[in-house]
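Q: Give me a model of this one.
(one chain, ligands or ions: 1)
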Amino acid sequence: MEKNTFYQVESGDFFVDADMLNHLNILHGGVLVKHCDSTIGLLANRYTHSRVLTVAIKEFNFAKPAHVGDHISFSVTLLKTSRHTMTFHVEVRRQTYDSDPVAIGNGIFIFIAVNADLKPIPVPAYTVQDPEQQAFIKQIREEFAV
Ligand SMILES: CC(=O)SCCNC(=O)CCNC(=O)[C@H](O)C(C)(C)COP(=O)(O)OP(=O)(O)OC[C@H]1O[C@@H](n2cnc3c(N)ncnc32)[C@H](O)[C@@H]1OP(=O)(O)O
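A: Modelled structure (predicted):
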């Protein structure tokens, strides 16, 4: 079965700087969510070839802290579309120069395609035929109830 090339994308990675920390000297949660939002927004934009807006962050889990110098990366999966929206899952990982990647967070972001007046417009239909991709999407959708 043909794999959907848009299904899952690694994108938006960055290194934690000192000016991204909170008062506890760990990566500020808001900074992390902002990076997620921007990363997923770019993918949503590439999927629809239109303007997009975040319409909801359904869930975000901060599982582990990140520190200065950590390399943060995102694995973004398009789970489903509706008439005007795209629902994405994101897994966030951190890695140092001498360690394996560690999952530090995850979440569900919903984006909407909009026109120049910021009014909703239709999103291209999303079909996944590859059984492995379908199984991953099913598992995530059940886990997050989306
Ligand atoms: C990347 C960024 O930072 S963007 C900046 C942050 N985002 C914003 O400022 C967006 C502000 N919000 C808005 O402008 C408006 O709410 C819009 C344009 C997103 C939606 O406007 P409306 O026309 O009122 O939306 P409406 O209620 O008709 O819903 C449109 C679609 O969004 C979906 N939707 C709306 N709210 C939600 C929500 N909270 N959760 C999930 N889906 C939602 C609806 O189910 C509907 O889907 P469908 O048409 O595919 O079935």
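
Q: where along the protein do the helices fall?
A: Remark: helices assigned in the chain by DSSP state H are 29-48, 131-144.

Q: pull the CA atoms of the longest one into CSV?
A: Output of helix 29-48 as CSV, limited to C-alpha atoms (Å, rounded to 0.1, in the frame of the first residue of the first chain):
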residue,chain,number,x,y,z
GLY,A,29,6.7,25.7,28.9
GLY,A,30,5.3,28.6,27.0
VAL,A,31,8.4,28.8,24.8
LEU,A,32,8.1,25.1,24.0
VAL,A,33,4.5,25.3,23.1
LYS,A,34,5.2,28.4,20.9
HIS,A,35,7.8,26.4,19.0
CYS,A,36,5.3,23.5,18.6
ASP,A,37,2.6,25.8,17.4
SER,A,38,4.9,27.4,14.8
THR,A,39,6.3,24.1,13.6
ILE,A,40,2.9,22.5,13.2
GLY,A,41,1.5,25.7,11.7
LEU,A,42,4.1,25.5,8.9
LEU,A,43,3.2,22.0,8.2
ALA,A,44,-0.5,22.8,8.2
ASN,A,45,0.3,25.7,5.8
ARG,A,46,2.2,23.3,3.5
TYR,A,47,-0.7,20.8,3.6
THR,A,48,-3.4,23.3,2.7
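
Q: ok, and does stretch 85-103 reach over to the ligand?
A: Yes - applying CB under 6 Å from any ligand atom, one finds stretch 85-103 touching the ligand at residue 85. Where you see a C-beta, it was placed from the backbone N, CA and C, and this is true even at glycine.

Q: in that stretch, what counts as buried?
A: Using 16 or more other CB atoms under 10 Å as the test for burial, stretch 85-103 gives 85-95.

Q: so how far is the first residue of it from its last?
A: Terminal residues of stretch 85-103 lie 27 Å apart, using CA to CA, to the nearest Å.

Q: Does residue 26 touch residue 68 like I think?
A: No - using CB atoms under 8 Å as the test, residue 26 is too far from residue 68 to be in contact (9.2 Å).
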